Structure formats: C-alpha cells, structure tokens
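[1] what follows is a predicted protein model with its sequence.
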Amino acid sequence: MKTCRLLVAGVAALAVSNFCFAQSTEAMGEIYKSRCANCHGEAAKGVPKLKEMPGVSSEQADAQGMASEEQANIYGPPLDYLSEQELLHKLIDLRSKGFESQSYHSVMRKNLKNIEAREGDISDEAMAKYIYNTFGEGSR
C-alpha cells in the first residue's frame, strides 16, 4: 500500500514537473518572439548593424527602412551557433556589471530590465535551453 502511494506520488511529481517545464519553455518562446527576435532575428541568426544615415529622422528612417543615428544600435549578433553553456554564460555575464556603460551590452542590459519589468523574471537557464533547442544544435 505504501509502495503504491509512493509510486503514484512519484508519477504525479514527474507529470507536474514536465507540465511546469512545458509552460516555462512556452513562456520563453513567447518572450523570445515578442522581444528578443527584434534584434537577434526570428531564427536567432542575428540582425546586422545598418549603416547610419546622418541627418535622417527616426520617423523618416522607419518609413523608408533605413537606420537613423538614433537607431544605429538596433541590431543583435546571431545566437544559433552557440552551445547551451555558451548562451547561459553570456546571459549571466549580461546581468553582471562588468560591461562598459556605452557598449552594446549596456543597451541589452537595459532592454532585459524592461522586458523583465513587463514579463516578470526570466530564467537564464530556461532561455538558454529554449534558444539552443529551438534554433541551435539542439534543434537538429
């Protein structure tokens, strides 16, 4: 009788943990698609930095599909070639205060704070796993 209860509890715990993992993977997917893909691309292949167009307003650049001086940093490196550990390491480094204040990473750190303010805390491990398994070697 005790063995049967223990077995049922174990199976229930396994089912609940898989359900929670599925939700977190789904949540990471939604966050990536709505926030991260803007700079890193829909398939994590990166978005190249566009040439700056001096004297072009943001509105004019948006309408014509070019970069203005204000929009020069809207680009992101590819993520699809990184291992899960490399992705995790980059996300953890991003949260550290070691980057210069004028670097691309400082912009990314600010974006991450804004995303977490809207979406809630983001697990670095879950996001690294999602990117690797969806776009990286884990998907092949």
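    Yes, it's here.
[2] average pLDDT for stretch 29-36?
    Averaged over stretch 29-36, pLDDT sits at 90.
[3] buried ones in that stretch?
    Within stretch 29-36, the residues scored as buried using 16 or more other CB atoms under 10 Å are 31, 32, 35, 36. Any C-beta I mention is one placed from the backbone N, CA and C, and that applies to glycine too.
[4] show me the shaky parts of the protein.
    1-23, 49-54, 56-74, 97-105 (pLDDT under 70).
[5] where exactly do the helices run in it?
    Under the criterion DSSP state H, the chain contains helices at 2-31, 37-40, 58-64, 84-95, 104-119, 124-135.
[6] residue 82 reaches residue 136, doesn't it?
    Yes: using CB atoms under 8 Å, residue 82 makes contact with residue 136 at a distance of 6.4 Å.
[7] show me what contacts the residue nearest to residue 76 when sequence neighbours are not counted?
    Excluding the flanking residues, the one nearest residue 76 by CB to CB, 6 or more residues apart in numbering is residue 39, at 3.3 Å. Residue 39 makes contacts with 47, 74, 75, 76, 108, 111, as judged by CB atoms under 8 Å, 6 or more residues apart in numbering.
[8] name the residues of stretch 123-140 that are buried.
    Result for stretch 123-140 [16+ other CB under 10 Å]: buried residues 124, 126, 127, 128, 129, 130, 131, 132, 134, 135, 136.
[9] out of these, who's nearest residue 24?
    Of all the buried residues of stretch 123-140, residue 24 sits closest to residue 126, with 4.9 Å by CB to CB.
[10] list the contacts of the closest one.
    Each residue near residue 126 by CB under 8 Å, 6+ apart is listed here: 24, 25, 27, 28.
[11] residues near the closest residue to residue 48 other than its chain neighbours, how many?
    Of all residues not flanking residue 48 in the chain, residue 75 sits nearest, at 6.1 Å (CB to CB, 6+ apart). Taking other CB atoms under 10 Å as the criterion, the count of residues near residue 75 is 17.
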